[in-house]
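> Sequence and predicted structure are below.
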Amino acid sequence: MKLMTKEVEALFKIIGSQEGSSDPIVVAHFFNPCGPGNWWAVEMYYVIRKEFTTGELELESSESIEVEPAEMNRDIAGKVLDVIFFGYVSIRGDSCDKWAYFDLSELESLKCPFGMRIVRDIYFTPKRISGICPKAIENPLPRVEVKEHDI
């Protein structure tokens, strides 16, 4: 099963940034089918490799890695290397649960017991985090700018 589809990507773009919301909308739910582990994603960002030229004669070229939010009507200028989500992460269901950034490639690489992998809840419909995991709104949403060195 694909963790990311064009339909899910479109939902993230439609809902857009939820910065400042005390009860954001969860767009996608990923989980461990063999035990504890839930990732409720509320925002999505693209990790992009951009190429640009320098100098008058444009003889030199260089690359940079940037992070751009998924927004409607915004062209992606460069090659998408990965996707980063922001959401509520509950690995053990205890005091370690927190708001955090997590990336698609990491979710895809995690292996569960019995040879299974992390899956996306295909029956999930977007809803407020308070209706899914009430303790998530008890913890304030941290806002840390994603920087190049965090990638």
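It's in.
> three-state assignment of M4?
coil (DSSP: H, G, I helix; E, B strand; the rest coil).
> quick one, phi/psi of it?
Here is the backbone geometry of M4 (degrees, to the nearest 10): phi -130, psi 130.
> Excluding chain neighbours, give the residue nearest to it in space.
Computed as C-beta to C-beta, 6 or more residues apart in numbering, the closest residue to M4 that is not its neighbour in sequence is L104, at 5.9 Å. (Each C-beta comes from the backbone N, C-alpha and C, glycine too.)
> Quick one: mean pLDDT over the strand or helix carrying L107.
Using DSSP states H and E, L107 sits in helix 104-109. Mean pLDDT, helix 104-109: 93.
> Off-centre distance for it?
Helix 104-109 sits 11 Å away from the centroid of its parent chain (C-alpha atoms, centre = their mean, to the nearest Å).
> then that helix to PDB, C-alphas only?
Extracted in PDB, the C-alpha atoms of helix 104-109 (Å, rounded to 0.1, in the frame of the first residue of the first chain):
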ATOM      1  CA  LEU A 104       7.600   9.900   4.500                       C
ATOM      2  CA  SER A 105      10.800   8.100   3.700                       C
ATOM      3  CA  GLU A 106      11.200   7.200   7.400                       C
ATOM      4  CA  LEU A 107       7.600   5.900   7.700                       C
ATOM      5  CA  GLU A 108       8.200   3.800   4.600                       C
ATOM      6  CA  SER A 109      11.400   2.300   5.900                       C
END
